[in-house]
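1. I'll drop the sequence and a predicted model, then ask my questions.
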Amino acid sequence: MIKVEHLTKRFAATTAVDDISFDVQPNEVIGFLGPNGAGKSTTLKILTGFYSATSGKVEVDGNDVFRRPEAVKRSIGYLPESVPLYPEMRVHEYLGYRAALKRVPRSDRKKAVDLSIERCHLGEVRKRIIGQLSKGYRQRVGLADALVGNPRILILDEPTIGLDPNQIRQIRELIKELGQERTIILSSHILPEVEAVCSRVLIINEGKIVGQGRPEELRAGIVAGSASVTVEVRDPEGTARAVLEKVAGVRSVQDPEDRGDGLIRFAVTADTDIGVRERIFDAAVASGFKLLGLSSKTLSLEDVFVEITTGDDCEEVDGSREDEEEAQ
Amino acid sequence: MNIFAQMRREFAAFFYSPIAYVLMAAATVLNGIVFLLVVDFLSDPRAPHGAAMQMFFGGTIFFWIVAMMVTPLITMRALSEEKSSGTLETLLTAPISDLQVVLAKYAAAVVFYIVLWAPTAAYPITLSFYSKIDMGPVLAGYLGTISVGMMFLALGMFFSSLTKNQIISALLSFAAVVVLFILGIFEFISAGGSSDSILGYMNLWTHMEDFGRGIVDTRHLVYYGSVVAFALFCTVQAVQSRRWRG
């Protein structure tokens, strides 16, 4: 449905998007994930025809965005990152105007606006002036605008930024619902969001795609060949560590943490996850100490993201963590 | 056609801000004073012969003050506001071309400019109660007013496309309009020769005197039309420059 080939966008001194290629299938919900300034918004602006590319090709339904922008724009509903609206207009006026601009026939216009208002739960503010609405409502007006006229493709740039947790949940539900019959590309630097709504993720860093796949796959790719298991034992004799180290598949046992009352917690790194846990259990039974906890830590997409975008194990995540807190 | 939807929104947008009302009030008061002065002057028995509307359009500097002050204020927000608030992005990613957007905005500005002058239609009507009015020159005067205004508005559109700042946009347009006007005025002080005919071609002051007398010279209209076309072409280029500029 959407085909991007070797897309590059240079601004005077910087390369915002650097030779990106990807395909989007119909009814796919794709997440663009990346730290701030990674080139997500620029890519989306090129897809919508607002910017042109320095080089490369973008096709939507076989139409070239640069050669036939109007055919492409017709099938796209776009929510820019800053949610620009006309503050002096009323919600229903604005959506009516946008519907007309998007060539919804006059006879269908009211219905299209009503549907959009209903979908985004804007019923109680439909006659209010946009400038007086809260950030959450304005975000939804922007989304309603993207939806009006029922485009087959939605491009949403940071759709939940600046919303409170309840609103974020509502918008995510809406996106999921919409994604069943539409192609959606959304960008975000919030990982749980992408994980929650997207069927496929593209991780972008410094203008390049540095990872892609289904959220589970991405996680599995990093997890493969290394599992992290937490073992909690009652070990009055102090033999547990030696026993654990001898279990087949265990690479190392670190950080014994004394929890008091003879309780000790170890962090075990192993080759596999489930097999190792079984053997640890057997080893514990055989050597007579009591096993109180045995769990493996599942890597979140966040870990994957940090791994990929920093090339560093941890600690350097401050930037993205802060953003996440801000946004939520 | 969605270009009409855009035009309607642009025209309505004038009335969302107080600018429209201030402009309409100011133009009406100013024109009223000018008309009063003209009628008062002509009612003196020693005054030269002349039709009041002819003098209203082409005979005083006041006409130019109104036309040159009002047009930059009409067009200053046209593209600047969209640029500064970011709405240009939603506008230009809708299925409407850059050219259509510029034309819709320009058309709305022209319609609003005509609305500003509409109250002056009361003057010839009032006069017709007291004397016989020759409607030909009056209509020509309006044609001149509107076509000169269209030229100024096109220049204003261009400067509005260059900046996010409405005040800078208005100042640049005002400067451009004044320069255009003064250039023509130089005809009066030039020593003659070939520059004379060029300046004469651009002399808006004598153009309006012609229109006021009922002379519709197509050379004037061609001149305005060329400036309009060129200014709007440049405006579209400026809007499109977002695509290739770094």
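-> Here it is on my side, so go on.
2. need phi/psi at the closest residue to B:Lys164 other than its chain neighbours.
-> Nearest residue to B:Lys164, sequence neighbours excluded (C-beta to C-beta, 6 or more residues apart in numbering or on different chains): B:Ser84, at 4.0 Å. Every C-beta, even on glycine, is put in place using the N, C-alpha and C of the backbone. Dihedral angles phi and psi of B:Ser84 (degrees, to the nearest 10) take the values phi -70, psi -30.
3. A:Cys120 too?
-> Taking degrees, to the nearest 10 as the convention, A:Cys120 sits at phi -100, psi 10.
4. number of residues surrounding it?
-> 24 (other C-beta atoms under 10 Å in any protein chain shown).
5. likewise for the one 3 residues further on?
-> In terms of burial, A:Gly123 registers 10 neighbours under the definition other C-beta under 10 Å.
6. check A:Pro26 too.
-> A count of nearby residues for A:Pro26, using other C-beta under 10 Å, gives 12.
7. ok, it to chain B distance?
-> Distance, A:Pro26 to chain B, by C-beta to the nearest C-beta, to the nearest Å: 20 Å.
8. ok but that residue is inside a strand, no?
-> No: checked against DSSP: H, G, I helix; E, B strand; the rest coil, A:Pro26 lies outside a strand; its state is coil.
9. any idea what sits nearest it, other than its immediate chain neighbours?
-> Distances taken as C-beta to C-beta, 6+ apart place A:Met1 nearest to A:Pro26, at 4.8 Å, with adjacent residues excluded.
10. residue 241: helix or strand, and which one exactly?
-> Just so you know, I chose chain A. Assigned by DSSP states H and E, A:Arg241 falls within helix A:240-246.
11. actually, chain B is the one I wanted.
-> Per DSSP H and E: helix B:218-244 holds B:Ser241.
12. now do that helix, average pLDDT.
-> For helix B:218-244, mean pLDDT is 93.
13. distance of the residue nearest to the spatial centre of chain B relative to chain A?
-> In chain B, the C-alpha closest to the average C-alpha coordinate belongs to B:Gly149, at a distance of 1.8 Å (C-alpha atoms, centre = their mean). B:Gly149 is 25 Å from chain A, where distance means C-beta to the nearest C-beta.
14. OK, contacts around the nearest residue to that residue once chain neighbours are set aside?
-> In space, and not counting its chain neighbours, B:Gly149 is closest to B:Tyr113: 4.8 Å by C-beta to C-beta, 6+ apart. Taking C-beta atoms under 8 Å, 6 or more residues apart in numbering or on different chains, we find B:Tyr113 in contact with B:Val70, B:Thr71, B:Ile74, B:Ile146, B:Gly149, B:Met150, B:Leu153.
15. my guess is A:Gly149 is in a strand, correct?
-> No: per three-state DSSP, A:Gly149 lies outside any strand segment and is coil.
16. which ones are touching the closest residue to it other than its chain neighbours?
-> Nearest non-adjacent residue to A:Gly149, counting by C-beta to C-beta, 6+ apart: A:Lys102, 4.1 Å away. A:Lys102 makes contacts with A:Arg74, A:Val148, A:Gly149, A:Pro151, B:Asn2, B:Ala94, B:Pro95, as judged by C-beta under 8 Å, 6+ apart.
17. so what's residue 90 up against?
-> Assuming you mean chain A. Taking C-beta under 8 Å, 6+ apart, one finds A:Arg126, A:Lys127, A:Arg128, A:Ile129, A:Ile130 in contact with A:Arg90.
18. hmm, I had chain B in mind actually
-> A:Tyr78, A:Pro80, A:Pro84, A:Leu85, A:Arg98, A:Asp145.
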